[in-house]
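Asks: sequence unavailable; structure follows:
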């Protein structure tokens, strides 16, 4: 098999496991209300489990990335596949908060650190030459978003027609495909970086020191906190918000599916744009755009039409950050430690995710509505986008590697 065909197979497998791991976890909010009505788990407890998932994912991601340099990608990916399937099985059999916390929280959180976006982006970057790399990252991110298009309607239909346990079982059946996809993506361990690719060098400690001293990276990582906060607030609490507003439960699934579909267009666009324009300024545009869409949607009662429009707009601005962040990390630091350094930035993203999931539930429990939660999400997002924009304009991402 030629090098080009091998790269396509590996990147395609990375897109497939990314699609499944992301699509299923983004759909878990669909079972929150029926699960809470069936077993002794409150909405706040479920939100806490998803918050723990995101926190564990973020805190373990840098270690998984560093370990992949030593052991290769395939063992880490296969461990992630096993943990993901086991986490869904544990959740399906849960009888109380501990089953939900261990399954949806701890096990899936660990699985995502081993088979999530950082690994998919790192694998793709290693097999694609520099010129088309940003577009390739966008394509993988776009294909990776299709999982929600299948997972959300499947989970909602099984939950509505049978029970939430059947919905989770449907998710687990989809998750079985993660293992062969991870195995195929692990072929990256036997490939050499393409000609002209900056491999990077030094030790992990050297790479961490370099990252800590780069202001553009520090700002990008901090802005990534707000990214996680906004996205997980939406995926966790949008179904409950729509239910409170009296909307049809299937509208939540349609909205999450729409987010996944338009995420394809957004990922492709920002992957293409990242190869031509300032990656950091594009990230700022995403954060500012999301915040304005959030403000528009939550300031009045939703309708089916405005909900789908909101999902389409937010979907376009969803995972477009992944190719931009991954590309910026490669521009700054090369390929060798990309998974680890991107994992450092992603740790901040996941701290934000913890705040978005648990903080949204906490504010709802205190106030009885989501008004304060969405206002904070908008305000913090606008501030982060403005700082990211100033930083990007001061030092364009394409100059960082030589800076």
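Replies: That came through, no problem. Since the model is a prediction, treat every value here as computed from it, not as a measurement.

Asks: only C-alpha atoms from now on, for both contacts and neighbour counts.
Replies: Noted.

Asks: mind listing the helices for the stretch 51-200 of the chain?
Replies: Shown for the stretch 51-200 of the chain, the helices assigned by DSSP state H, counting those that start in this stretch span residues 73-92, 97-100, 108-115, 117-127, 130-144, 147-161, 164-175, 178-185.

Asks: quick one: contacts of the third one?
Replies: Residues outside helix 108-115 that contact it (CA atoms under 8 Å, 6 or more residues apart in numbering) are 17-18, 21, 52-58, 60-61, 64-65, 76-77, 79-84, 87-88, 182.

Asks: nearest to residue 44 among the helices of the stretch 51-200 of the chain would be which one?
Replies: helix 97-100 (10.4 Å; CA to CA).

Asks: ok, residues contacting the closest one?
Replies: Outside helix 97-100, the residues within contact range by CA under 8 Å, 6+ apart are 40, 41, 45, 46, 49, 90, 91, 93, 94.

Asks: ditto for stretch 359-376
Replies: Identification of contacts with stretch 359-376 by CA under 8 Å, 6+ apart yields 43, 44, 47, 48, 233, 237, 241, 294, 295, 298.

Asks: now intersect those residues with the strands, please.
Replies: Among the contacts of stretch 359-376, DSSP state E puts none in strands.

Asks: among those residues, give me the pair with the biggest separation.
Replies: Farthest apart among those by CA to CA are 48 and 295. That separation is 24.8 Å.

Asks: which one's more surrounded, the two?
Replies: Comparing residue 48 with residue 295 by other CA atoms under 10 Å, the one with more neighbours is residue 48, at 25 against 15.

Asks: nearest to residue 334, of the contacts of stretch 359-376?
Replies: Checking the contacts of stretch 359-376 against residue 334 by CA to CA gives residue 233 as the nearest, at 32.5 Å.

Asks: shaky segments in the chain?
Replies: Within the chain, the segments meeting pLDDT under 70 span 1-4, 145, 192-202, 204, 395-403.

Asks: need the contact list for residue 262.
Replies: By CA under 8 Å, 6+ apart, the residues touching residue 262 are 312, 313, 315, 316.

Asks: which of the contacts of helix 97-100 are buried?
Replies: When the contacts of helix 97-100 are checked for burial by 16 or more other CA atoms under 10 Å, the buried set is 41, 45, 46, 49, 90, 91, 94.

Asks: what's the neighbour count on the residue lying closest to the second one once chain neighbours are set aside?
Replies: Right, the one you point to is residue 45. Once flanking residues are discounted, residue 45 sits nearest to residue 97: 6.6 Å by CA to CA, 6 or more residues apart in numbering. A total of 19 residues lie near residue 97 under the criterion other CA under 10 Å.

Asks: and the host helix or strand of residue 6, how far out from the chain's middle?
Replies: Secondary structure assigned from DSSP states H and E places residue 6 in helix 3-26. In terms of CA atoms, centre = their mean, to the nearest Å, the gap separating the centre of helix 3-26 from the centre of its chain is 14 Å.

Asks: can you point out the buried residues in that helix?
Replies: Of the residues in helix 3-26, those buried (16+ other CA under 10 Å) are 7, 9-26.

Asks: now the two most distant members of the buried ones among the contacts of helix 97-100.
Replies: Using CA to CA, the buried ones among the contacts of helix 97-100 reach their maximum pairwise distance at 45 and 90, which is 16.1 Å.

Asks: tell me the angle whatever helix or strand residue 331 lives in makes with helix 117-127.
Replies: Applying DSSP H and E as the criterion places residue 331 in helix 321-333. Orientation note: helix 321-333 sits at an angle of 60 degrees relative to helix 117-127 (axes from the mean of the first three to the mean of the last three CA atoms, to 10 degrees).

Asks: packing partners for helix 321-333?
Replies: The contact analysis (3 or more CA pairs under 8 Å, 6 or more residues apart in numbering; DSSP states H and E) places helix 321-333 against helix 117-127, helix 130-144, helix 249-274, helix 279-298, helix 338-354.

Asks: now the helices of the stretch 51-200 of the chain in CSV, with distance to residue 223?
Replies: Conversion of the helices of the stretch 51-200 of the chain to CSV gives the following (distance: least, CA to CA, whole Å):
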stretch, distance to residue 223
helix 73-92, 27
helix 97-100, 30
helix 108-115, 20
helix 117-127, 17
helix 130-144, 20
helix 147-161, 25
helix 164-175, 31
helix 178-185, 30
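
Asks: closest one to residue 357 among these?
Replies: helix 108-115 (13.6 Å).

Asks: tilt between the closest one and helix 73-92?
Replies: Going by the same axes, to 10 degrees, helix 108-115 makes 160 degrees with helix 73-92.

Asks: could you check the angle helix 108-115 makes with helix 178-185?
Replies: Angle, helix 108-115 to helix 178-185, by the same axes, to 10 degrees: 20 degrees.

Asks: before I go, just wanted to say thanks for your time.
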